[in-house]
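J.: turn this into a structure:
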Amino acid sequence: MNFNSNQRYSISLKHHVIFWSIYFIITVIRWGGIHENYLYSLKTTLIGFPIEMILVYLNVYVLMPKFAFNNKKYTTYIILILSAIFLMVLAKFYLNFYLLSSNAWKEGLNTADNITTTYILDNMIGELYVITFVTAIKITLDLLKEQKRVTSLEKAQLETELLFLKTQVSPHFFFNTLNNIYSLAVERSKKTQIIILKLSELMRYLLYETKSKRQTLENEILCIQNYLDLERVRHNDDLEVNMSISGNIEDKEIAPILLLSFIENAFKHGAYKNIGKVKIDIDFSIKNDFLFFTITNPMPANIEHEKTFNQSSGIGLKNVKKRLALGYHKNDYKLTIKNNKKRFIVRLRIKVSPTK
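T.: Residues are numbered from 1 along each chain as shown. Got it, this is the predicted structure:
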């Protein structure tokens with residue numbers, strides 16, 4: 001995944017320059033207008049400006065990360081930040097006193113030719129205002145950046161899971177199919193070439209045609225047909241599959257391998273775990289830009305198989321639901337599952353978009 005989108009919430013040198021430039025101009029104009037002496041306001045701001053910047057950066061990049069955020073030493077943090085502000089206020093007083101005027105606090109109500117408690121408290125509160133304002137901006141941007149990072153990680157995790165789900169066709173299916181091909185080759189059956197071709201088409205589709213978010217419904221049904229043909233070879237006359245298609249399936253798109261998950265589930269828990277004749281019914285119906293998909297298969301023949309079915313099919317259906325939630329809006333699909341103890345029925349109503 002590419003996390004460069006987080007950069008929109010990062011603070012570059014340009015942002016620092018812009019912020020402090022605006023703050024400097026506002027401060028000069030504010031105090032210059034109040035005392036009608038813009039030159040003196042410019043001089044005092046030039047002296048106090050670096051002090052405030054040091055306080056802000058000391059708090060944002062040293063004290064808060066080291067004591068407040070990481071180690072949660074809040075008492076230590078409060079003592080250190082107040083001590084830093086106190087020392088900076090003293091430095092500001094003496095710089096103004098010796099460089100500009102014996103009245104180092106023209107902004108105050110009274111003259112200040114020496115350090116007073118009122119001077120210290122008033123100026124400490126003023127510095128806290130600046131620190132709090134800048135810190136709030138920094139925390140907000142960090143929270144936005146972290147939220148974006150978490151969202152990107154969640155998206156990456158979902159996409160990784162989606163990729164896994166796209167390739168969830170059981171390896172046992174391919175293994176058993178190869179065994180069947182071997183048996184046909186030994187018997188020199190005419191079906192050998194056909195089965196190899198269908199397996200090749202299915203593998204090519206799964207490997208190369210499922211990378212995009214959508215695939216044509218025609219290709220999806222063809223993939224399912226190849227899968228069914230291979231299963232018919234395995235089960236011979238013990239398998240009856242009835243597949244019906246109604247409506248126009250042309251120029252329609254759907255999430256790839258979504259329906260195949262239901263097909264494989266039907267074989268895994270229906271055909272594989274029953275002895276004798278097995279019947280699976282599959283229906284595709286297109287109505288008003290929606291696909292109505294239904295598949296029914298027999299329940300496992302014994303209790304142990306039924307327990308396994310309930311556990312593993314629950315996991316499989318949970319994964320399919322995640323795929324649906326990831327790839328579709330809530331109103332674009334509806335999945336219903338029924339179990340009447342003899343047949344397992346899955347119905348999916350899903351919006352099929354026009355082919356681009």
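
J.: where along the stretch 51-200 of the chain do the helices fall?
T.: In the stretch 51-200 of the chain, the helices defined using DSSP state H, counting those that start in this stretch lie at 74-99, 117-166, 171-186, 191-208.

J.: using JSON lines, please lay out those together with distance to F292 and mean neighbour count.
T.: In this view, the C-beta of every residue, glycine as well, is placed from N, C-alpha and C. Conversion of the helices of the stretch 51-200 of the chain to JSON lines gives the following (distance: least, CB to CB, whole Å; neighbours: other CB atoms under 10 Å):
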{"stretch": "helix 74-99", "distance to F292": "60", "mean neighbour count": "16"}
{"stretch": "helix 117-166", "distance to F292": "22", "mean neighbour count": "14"}
{"stretch": "helix 171-186", "distance to F292": "26", "mean neighbour count": "14"}
{"stretch": "helix 191-208", "distance to F292": "23", "mean neighbour count": "16"}
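
J.: residue ranges in the stretch 1-150 of the chain under the pLDDT threshold?
T.: Where the stretch 1-150 of the chain drops to pLDDT under 70, the residues are 1-11, 35, 101-114.

J.: if we go to 50?
T.: Residue ranges of the stretch 1-150 of the chain with pLDDT under 50: 1-8, 108-109.

J.: show me the contacts for L128.
T.: Residues near L128 by CB atoms under 8 Å, 6 or more residues apart in numbering: I85.

J.: try L230
T.: Shown here is L230, whose contacts under the criterion CB under 8 Å, 6+ apart are F173, T177, N180, I195, K198, L199, L202.

J.: let's see that with 6 Å instead.
T.: With contact set as CB atoms under 6 Å, 6 or more residues apart in numbering, L230 has these partners: T177, K198.

J.: how far does the helix or strand where it lies sit from its chain's centre?
T.: With elements delineated by DSSP states H and E, L230 resides in helix 217-235, which encompasses its position. Relative to the chain's own centre, helix 217-235 is displaced by 34 Å; criterion: CA atoms, centre = their mean, to the nearest Å.

J.: alpha carbons of that helix, in PDB - could you do that?
T.: Taking Å, rounded to 0.1, in the frame of the first residue of the first chain, the C-alpha atoms of helix 217-235 are listed here in PDB:
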ATOM      1  CA  LEU A 217     -20.800 -12.100 -15.500                       C
ATOM      2  CA  GLU A 218     -20.400 -14.200 -18.600                       C
ATOM      3  CA  ASN A 219     -16.800 -15.000 -17.700                       C
ATOM      4  CA  GLU A 220     -17.800 -15.800 -14.100                       C
ATOM      5  CA  ILE A 221     -20.400 -18.200 -15.300                       C
ATOM      6  CA  LEU A 222     -18.000 -19.800 -17.700                       C
ATOM      7  CA  CYS A 223     -15.500 -20.200 -14.900                       C
ATOM      8  CA  ILE A 224     -18.300 -21.900 -12.800                       C
ATOM      9  CA  GLN A 225     -19.200 -24.200 -15.700                       C
ATOM     10  CA  ASN A 226     -15.500 -25.300 -16.000                       C
ATOM     11  CA  TYR A 227     -15.500 -26.000 -12.300                       C
ATOM     12  CA  LEU A 228     -18.700 -28.000 -12.600                       C
ATOM     13  CA  ASP A 229     -17.400 -30.000 -15.500                       C
ATOM     14  CA  LEU A 230     -14.300 -31.000 -13.600                       C
ATOM     15  CA  GLU A 231     -16.400 -32.000 -10.600                       C
ATOM     16  CA  ARG A 232     -18.600 -34.100 -12.800                       C
ATOM     17  CA  VAL A 233     -15.600 -36.100 -13.900                       C
ATOM     18  CA  ARG A 234     -14.700 -36.700 -10.300                       C
ATOM     19  CA  HIS A 235     -18.200 -37.800  -9.200                       C
END
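
J.: immediately after it, which helix or strand?
T.: strand 239-246.

J.: surely I350 is in a strand?
T.: Yes: with DSSP: H, G, I helix; E, B strand; the rest coil as the criterion, I350 is assigned to a strand.

J.: and the closest residue to it other than its chain neighbours, what's its pLDDT?
T.: Among residues not flanking I350 along the chain, Y333 sits closest, at 4.3 Å (CB to CB, 6 or more residues apart in numbering). Residue-level confidence at Y333 comes out at 94, pLDDT.

J.: next one: the one 3 residues further on
T.: The model reports T336 with a pLDDT of 93.

J.: repeat for K351
T.: Per-residue pLDDT puts K351 at 93.
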